[in-house]
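Asker: Would you be able to build a 3D model of this:
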Amino acid sequence: MDFDEELVGYLSATDSLETLYNWFTKEDIIKLQEHGWFIHVYETDDYHFYDRFQHQVISQANSKLLEKIEL
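Answerer: Now for the predicted structure:
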């Protein structure tokens, strides 16, 4: 994805781990974890569908971190 100033303060999101696998394979996720990138589970009411990149985004400031997932 290109940088988009409209998305500053928002995190890309999916509604489930299974949906995330449409974007990344398990192998990709494991490789990303080796470089410090992890899957996080958030709770929020502040989200919307971002048309330009065709996926959900959540407000980083208005979301509560619940869990870090490691594969």
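Asker: hey, what's Leu65 bridged with?
Answerer: Note on Leu65: beta-bridge partners by DSSP bridges are Tyr42.
Asker: Asn62 belongs to a helix?
Answerer: No. Looking at Asn62 with DSSP: H, G, I helix; E, B strand; the rest coil, it is coil, so not inside a helix.
Asker: Contact partners for the residue nearest to it when sequence neighbours are not counted?
Answerer: Among residues not flanking Asn62 along the chain, Asp46 sits closest, at 3.9 Å (C-beta to C-beta, 6 or more residues apart in numbering). Yep, even glycine has a C-beta here, placed from its N, CA and C like the rest. Asp46 makes contact with Ile58, Ser59, Asn62, Ser63, according to C-beta atoms under 8 Å, 6 or more residues apart in numbering.
Asker: Please tell me I have it right and the last one contacts Leu11.
Answerer: Okay, so that is Ser63. Yes. If you go by C-beta atoms under 8 Å, Ser63 and Leu11 touch, sitting 7.3 Å apart.
Asker: shared neighbours, those two?
Answerer: Joint contacts of Ser63 and Leu11 (C-beta under 8 Å, 6+ apart) are Tyr42.
Asker: so which two of the contacts of Asp46 are the farthest from each other?
Answerer: Using C-beta to C-beta, the contacts of Asp46 span at most 7.9 Å, a distance reached by Ile58 and Asn62.
Asker: Are any of the contacts of Asp46 buried, and if so which?
Answerer: For the contacts of Asp46, a burial check counting by 16 or more other C-beta atoms under 10 Å picks out Ile58, Ser63.
Asker: any idea where the strands of the chain begin and end?
Answerer: Listed in chain order, the strands of the chain (DSSP state E) span 10-13, 39-43, 47-50, 55-59, 64-69.
Asker: Can you tell me which helices and strands the second one packs against?
Answerer: What that stands for is strand 39-43. strand 64-69 (3 or more C-beta pairs under 8 Å, 6 or more residues apart in numbering; DSSP states H and E).
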